[in-house]
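In: have a look at this fold, sequence not included:
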């Protein structure tokens with residue numbers, strides 16, 4: 001099973017992709033968060049059902065050695081989310097009006113007290129999601145998003161960090177049409193999970209739609 005790694009940044013404006021552990025180079029095939037425009041005519045092949053690993057680091061250089069705040073400052077608490085949006089061409093320069101559906105999320109575990117960000121820290125910056133087997137074959141943007149909630153007791157306070165990778169999905173079976181949302185628009189100041197206190201939580205609902213399942 002193909003494993004794709006996306007480097008997404010908590011601080012910085014560069015991203016990189018590795019395929020089966022082979023580094024493709026910083027900015028190759030990945031949209032830089034500050035401009036959200038394509039950086040190279042490269043699309044990463046992915047089979048339906050493959051696992052995509054979003055890898056977060058504190059700087060644009062990725063892991064540069066021991067750092068207590070890498071891959072993420074441990075005081076940053078919040079969920080990790082993943083979306084897909086189908087596009088005619090993953091390298092197209094116009095990206096407005098995209099329709100996104102959520103393929104995975106790591107929220108808050110009230111039993112362990114762990115947030116998605118804690119899982120990210122323990123796993124060296126890695127958060128893994130599965131491409132649904134029942135989506136149509138075609139080209140997509142993969143959006144990995146971390147939301148920091150340590151200052152989210154009032155609005156605005158939640159901090160959003162995201163990057164997109166350009167992928168081509170094949171091998172789908174019995175395609176279904178997922179419900180979609182738009183960015184901006186999917187989140188509002190009153191959406192669940194946007195205004196949140198980290199203290200005394202018994203449960204937490206990440207913002208956005210439910211995770212699409214086959």
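Out: Thanks, I have the structure now. Every value quoted in this text rests on a predicted model; they were computed, and no experiment measured them.

In: contacts, neighbours, all on C-alpha from now
Out: Noted.

In: do a quick rundown of the strands in this structure.
Out: All strands of the chain, identified by DSSP state E, fall at 3-9, 16-19, 22-26, 30-31, 44-47, 51-57, 80-87, 100-106, 108-109, 114-115, 126-130, 138-148, 159-170.

In: could you pull up the contacting residues of the residue most central in space within the chain?
Out: Taking Cα atoms, centre = their mean, the centroid of the chain lies closest to residue 144, which sits 1.0 Å from it. Residues near residue 144 by Cα atoms under 8 Å, 6 or more residues apart in numbering: 8, 54, 80-83, 162-164.

In: who does it bridge with?
Out: Counting by DSSP bridges, residue 144 forms beta bridges with residue 82, residue 163.

In: how near is it to residue 51?
Out: With distances taken as Cα to Cα, to the nearest Å, residue 144 is found 13 Å from residue 51.

In: next one: residue 159
Out: 26 Å.

In: among the contacts of residue 144, who's most crowded?
Out: residue 8 (35 neighbours; other Cα atoms under 10 Å).

In: pLDDT wise, what is it at?
Out: If you check residue 8, the pLDDT there is 43.

In: likewise for residue 193?
Out: Looking at residue 193, its pLDDT reads 93.

In: gap between it and residue 142?
Out: Taken as Cα to Cα, the span from residue 193 to residue 142 is 22 Å.

In: who's more crowded, those two?
Out: A direct count of neighbours by other Cα under 10 Å for residue 193 and residue 142 places residue 142 higher, at 28 against 21.

In: and the more buried one, what is it in contact with?
Out: With contacts defined as Cα under 8 Å, 6+ apart, the neighbours of residue 142 are 82-85, 164-167.

In: what about this protein, any weak spots by pLDDT?
Out: The chain contains residues with pLDDT under 70 at 1-41, 59-65.

In: 80 instead, please
Out: The chain contains residues with pLDDT under 80 at 1-42, 57-74, 90-96, 173.

In: before we move on, the earlier item: for the contacts of residue 142, which one is nearest residue 130?
Out: Of all the contacts of residue 142, residue 82 has the smallest distance to residue 130: 9.5 Å, by Cα to Cα.

In: hang on, isn't that closest one packed against residue 145?
Out: Yes: using Cα atoms under 8 Å, residue 82 is in contact with residue 145, at 6.2 Å.

In: residue 52 pairs with what?
Out: With DSSP bridges as the rule, residue 52 is bridged to residue 4, residue 129.
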